[in-house]
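Novice: can't give you the sequence, but here's the structure:
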């Protein structure tokens, strides 16, 4: 059975490909969405929002968006696909600083109404309720979305987020 999932995408660092072509953060978001279109059915893409970095201020502004669509496999299966897409867009987790610059970052924000907490996978995303940069794109595509933990509307949570 398919689950409706919402993924947050962010980028603030260009990526120089092996062929020498440089992809801008906006192009990396577009490539990520294109690749996710092959993974999620009925893909819907939010507008791109430009935001200040959170947690680590000494880095470029981020571009953020969200996508939603239907996924047939498990959260772990989706996480694996996401990591492959990020890597294909230049992300190297071993060389980046926490909350720092990213070529492409994809987070599982929601996975149906699932609530799960494991060391490397928390659904809904652990910091979603404090991140306006993730909530705004989410609400652009699912304006009536609710937090599966509290039942509170994300639009009400957004009013309190940074």
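Specialist: Right, received. Where do you want to start? Note that this is a predicted model, so its numbers are computed, not measured.

Novice: from here on, contacts and neighbour counts on C-alpha atoms
Specialist: Will do.

Novice: what about the chain, any weak spots by pLDDT?
Specialist: For the chain, residues meeting the criterion pLDDT under 70 lie at 162.

Novice: quick one, helices of it?
Specialist: With DSSP state H, the ranges of helices along the chain come out as 25-37, 75-88, 132-141, 154-158.

Novice: what comes into contact with the longest one?
Specialist: Same thing as helix 75-88. 32, 35, 103-106, 108, 111 (CA atoms under 8 Å, 6 or more residues apart in numbering).

Novice: quick one: buried residues of it?
Specialist: For helix 75-88, the neighbour count (16 or more other CA atoms under 10 Å) marks 75, 78-79, 82-83, 85-86 as buried.

Novice: could you count how many residues lie near the residue lying closest to residue 52 once chain neighbours are set aside?
Specialist: Once flanking residues are discounted, residue 52 sits nearest to residue 61: 4.9 Å by CA to CA, 6 or more residues apart in numbering. Using other CA atoms under 10 Å, residue 61 is surrounded by 16 other residues.

Novice: what's the answer for the one 4 residues further on, then?
Specialist: Burial of residue 65 is recorded as 29 neighbouring residues (other CA under 10 Å).

Novice: and the nearest residue to residue 68 once chain neighbours are set aside, how many neighbours?
Specialist: Leaving out its chain neighbours, the residue that sits closest to residue 68 by CA to CA, 6+ apart is residue 6, at 4.3 Å. Other residues near residue 6 come to 27 when the count uses other CA under 10 Å.

Novice: tell me which residues touch residue 6, please.
Specialist: With CA under 8 Å, 6+ apart, residue 6 has these contacts: 66-69, 108-111, 138.
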